[in-house]
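Peer 1: For reference, the sequence and a predicted model appear below.
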There are 2 protein chains.
Amino acid sequence: MQNELTYPDWIAVDWGTSNLRVWAMTADGEVLAQNGSDQGMSGLLPDEFEVTLLSHIAPWLGNDHIPVVACGMVGARQGWDEAPYRAVPTTPLGGLHTVACRDSRISMHILPGLKQERSADVMRGEETQIAGFLADNPDFDGILCLPGTHTKWAHISAGEVVSFQTFMTGELFDLLSRESVLRHSIGEGKAIDQEAFAGAIADTISRPEAVATQLFKIRAVDLLHGADASVSRARLSGLLLGLELAAARPYWLGQSVALIGASALNALYEKALLAQGVTPSVHDVDTTTLKGLFAAYKDHV
Amino acid sequence: MQNELTYPDWIAVDWGTSNLRVWAMTADGEVLAQNGSDQGMSGLLPDEFEVTLLSHIAPWLGNDHIPVVACGMVGARQGWDEAPYRAVPTTPLGGLHTVACRDSRISMHILPGLKQERSADVMRGEETQIAGFLADNPDFDGILCLPGTHTKWAHISAGEVVSFQTFMTGELFDLLSRESVLRHSIGEGKAIDQEAFAGAIADTISRPEAVATQLFKIRAVDLLHGADASVSRARLSGLLLGLELAAARPYWLGQSVALIGASALNALYEKALLAQGVTPSVHDVDTTTLKGLFAAYKDHV
């Protein structure tokens, strides 16, 4: 990059709780370079935000002023500067929250999250993914499912987010598999037994409350009969995802569903939805995020 | 104790994952002295078990040999020595697992846990509480609920444990309140708003799957409108306990129920059951454990 003497027109930033990713962009949305690290918001003090960002984008800065467009926890109350939530129903994009920087070479523009007053809920970061998806699919009418630590299900119509719901399924899986008594049976691998996963989904969809007693059975079965870690992991994953699908049924039943997530999570959700007779389209979250940041740059900077 | 020149006839030990409690006992079940610490099984290496026990009971040891009767995780695979599970249906007590000690002044007798092959489940420690309860209530026919990190519901008939089910409700509450995003709203206090607790129980009992989306709302309500920590804590506790009660319904519906737990947990379960039209009797877990150890001493040493 430095040798090409091409400076970017703007810089895209996805700054979450645990990761920071940056892209050097042209005005046309082309990626010139990218960088990233695990320097997420949660590990930084307020004093360190700007200097951390600069350390990731320094080679891309010339003498000209350059706008930075950022999404994610960077705009949370505990982030760099709070970008107040916008209330649904609304378009995923609508203005940017501009933050003063000490370094005059950059200006910082943060995408606000969305909030839902009735049936209280919030999102921060996913609105950018939704904007990126709608940039490619402007006439989409249906449901977006954005799997992650806190999975979001959003009802999209006429270019607006009508309503959404958050599920802590990913965080529950992480806590139970790493910190609870189940960790002894689940281990640290990644493999998921497909048959056990499908069985657990079916168990919880048909009888959601059973998840409360099925969880400990993962450990009990292993203690009494021995169980492969990939089976125990699949049971946990399937029980929790089945509970989510049972609660999110009004969102997906008979609807057009698109998944936007990392590939491993997309695959789990796709398999689970297919078993319910729903065939989702599948989209990569990194691509979608970058498209959303580009849409925000085009419309609002 | 040392000045009284009265040595105990036996020593009772409740040795769990996080705590060790010991009592100097007479042959009639009278407590001469007690001691305890946080030196639970999980913090000790196998080499340290006997020396840790001795450090807690040393003042009670004379020249005579003295039996030690112990329950809890001390008999787990990762404990001092595995006391194999006994299969239900069975009486809560039935023989002791004797372990060789290096110190000839003591002999170690561990109560086996119980296992259930069909609908796999295990308990270790609660069988002693059940035995203590049955010592006082030999004709009890109904349901025992033993609230804790892993709450057990047990069907008791004719002096036997017929079946039981384990719920990880306590561990889920600990993980979610201390480690998840909800910790920002729940804080470190203990207070529980009674109205919010009752509301959350009712919500989950009537629609168990909703717990999956109600969890994150605890955080969203606080972010959007502000919420007292005692209300957020009550919501989390009520949602999780409501899910347990929904799944355990076949155990408590129209049954005679007795609670055996610590007072704060007993109070939560009692309130939740009363709202379902069930009036449980309430029993202290420490008293009941000691009675169970005494029953094991009388019958099997």
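Peer 2: Here it is on my side, so go on. Numbers count the residues shown, from 1 in each chain, chains lettered A, B, ... in the order given.

Peer 1: Now the residue at minimal distance from the centre of chain A. Nearest residue, chain neighbours left out?
Peer 2: By CA atoms, centre = their mean, chain A has its centre lying nearest to A:Gly148, at 5.0 Å. Closest residue to A:Gly148 apart from its sequence neighbours, by CB to CB, 6 or more residues apart in numbering or on different chains: A:Gly170 at 5.7 Å. Just so you know, the C-beta spots here come from the backbone N, C-alpha and C atoms, and that holds for glycine as well.

Peer 1: For the helix or strand hosting the one you found, buried residues please.
Peer 2: A:Gly170 is part of helix A:169-179, with elements assigned from DSSP states H and E. Buried residues in helix A:169-179, counting neighbours by 16 or more other CB atoms under 10 Å in any protein chain shown, are found at A:169-173, A:175-177.

Peer 1: Would you mind getting the angle between that helix and helix B:169-179?
Peer 2: Helix A:169-179 runs at 110 degrees relative to helix B:169-179, counting by axes from the mean of the first three to the mean of the last three CA atoms, to 10 degrees.

Peer 1: ok, then the element right after helix A:169-179?
Peer 2: As assigned by DSSP H and E, the chain's next helix or strand after helix A:169-179 is helix A:183-186.

Peer 1: Contacts for that next one, please.
Peer 2: A:177, A:218-219, A:222, A:227, A:229, A:232-233, A:236 (CB atoms under 8 Å, 6 or more residues apart in numbering or on different chains).

Peer 1: can you list contacts of whichever helix or strand comes after that helix?
Peer 2: Elements were assigned by DSSP H and E; along the chain past helix A:183-186, the next helix or strand is helix A:194-206. Helix A:194-206 is contacted by residues A:210-211, A:214, A:230-231, A:234-243, A:245-246, A:268, A:271-272, A:275-276 when judged by CB under 8 Å, 6+ apart.

Peer 1: Using PyMOL, make a named selection holding only the buried ones among the residues you listed.
Peer 2: In PyMOL, a selection of the buried entries from the contacts of helix A:194-206 looks like this (16+ other CB under 10 Å):
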select buried, chain A and resi 210+211+214+230+231+234+235+236+237+238+239+240+241+242+243+245+246+268+271+272+276
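
Peer 1: ok, and of the contacts of helix A:194-206, which contact chain B?
Peer 2: A:210-211, A:243, A:246 (CB under 8 Å from any CB of the partner chain).

Peer 1: and these, which of them are in helices?
Peer 2: When those are checked against helices (DSSP state H), the matches are A:211, A:243, A:246.

Peer 1: Export those to CSV and append columns for pLDDT and distance to A:Val161.
Peer 2: Formatted as CSV, these follow (pLDDT from 0 to 100; distance: CB to CB, whole Å):
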residue, pLDDT, distance to A:Val161
A:Val211, 93, 29
A:Leu243, 97, 24
A:Ala246, 96, 23
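
Peer 1: excluding its backbone neighbours, what's nearest A:Arg124?
Peer 2: The shortest distance from A:Arg124 to any non-neighbouring residue, by CB to CB, 6+ apart, is to A:Gly113 (3.4 Å).

Peer 1: Can you report how many residues neighbour that neighbour?
Peer 2: A:Gly113: 23 surrounding residues under other CB atoms under 10 Å in any protein chain shown.

Peer 1: which strands and helices sit next to the helix holding A:Gly170?
Peer 2: When contacts are defined as 3 or more CB pairs under 8 Å, 6 or more residues apart in numbering or on different chains; DSSP states H and E, helix A:169-179 sits against helix A:229-247, helix B:169-179.

Peer 1: could you give the mean pLDDT of that helix?
Peer 2: Summarised as a single mean, pLDDT over helix A:169-179 is 96.

Peer 1: tell me the residue furthest from the middle of chain A?
Peer 2: A:Leu224 (38.0 Å).

Peer 1: for the helices and strands packed on helix A:169-179, which one sits closest to A:Ala100?
Peer 2: Between A:Ala100 and the helices and strands packed on helix A:169-179, the tightest spacing by CB to CB is seen for helix B:169-179, at 34.9 Å.

Peer 1: Mind exporting the C-alpha coordinates of the closest one to CSV?
Peer 2: The C-alpha trace of helix B:169-179 is given here as CSV (Å, rounded to 0.1, in the frame of the first residue of the first chain):
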residue,chain,number,x,y,z
THR,B,169,-30.8,-23.3,37.3
GLY,B,170,-28.4,-22.2,40.0
GLU,B,171,-25.3,-22.5,37.9
LEU,B,172,-27.1,-20.7,35.0
PHE,B,173,-28.0,-17.9,37.3
ASP,B,174,-24.4,-17.6,38.6
LEU,B,175,-22.9,-17.6,35.1
LEU,B,176,-25.4,-15.2,33.6
SER,B,177,-25.3,-12.7,36.5
ARG,B,178,-21.6,-12.7,36.9
GLU,B,179,-20.1,-13.4,33.4
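
Peer 1: and A:Ala227, helix, strand or coil?
Peer 2: coil (DSSP: H, G, I helix; E, B strand; the rest coil).

Peer 1: for A:Leu111, what are its contacts?
Peer 2: A:Leu111 makes contact with A:69-71, A:75, A:83, A:93, A:96-97, A:127-128, A:292-293, A:296 under the criterion CB under 8 Å, 6+ apart.

Peer 1: what does the stretch 1-150 of chain A put close to chain B?
Peer 2: Selection of the stretch 1-150 of chain A residues close to chain B by CB under 8 Å from any CB yields A:77, A:85, A:115-117, A:119-122, A:150.

Peer 1: mind giving me JSON lines with the residues you listed and columns for neighbour count, distance to B:Leu61 and secondary structure?
Peer 2: Shown next, in JSON lines, are the residues of the stretch 1-150 of chain A next to chain B (neighbours: other CB atoms under 10 Å in any protein chain shown; distance: CB to CB, whole Å; DSSP: H, G, I helix; E, B strand; the rest coil):
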{"residue": "A:Arg77", "neighbour count": "12", "distance to B:Leu61": "59", "secondary structure": "coil"}
{"residue": "A:Tyr85", "neighbour count": "21", "distance to B:Leu61": "66", "secondary structure": "coil"}
{"residue": "A:Lys115", "neighbour count": "20", "distance to B:Leu61": "65", "secondary structure": "strand"}
{"residue": "A:Gln116", "neighbour count": "23", "distance to B:Leu61": "66", "secondary structure": "strand"}
{"residue": "A:Glu117", "neighbour count": "12", "distance to B:Leu61": "67", "secondary structure": "coil"}
{"residue": "A:Ser119", "neighbour count": "12", "distance to B:Leu61": "63", "secondary structure": "coil"}
{"residue": "A:Ala120", "neighbour count": "19", "distance to B:Leu61": "61", "secondary structure": "coil"}
{"residue": "A:Asp121", "neighbour count": "25", "distance to B:Leu61": "61", "secondary structure": "strand"}
{"residue": "A:Val122", "neighbour count": "22", "distance to B:Leu61": "61", "secondary structure": "strand"}
{"residue": "A:His150", "neighbour count": "22", "distance to B:Leu61": "55", "secondary structure": "coil"}
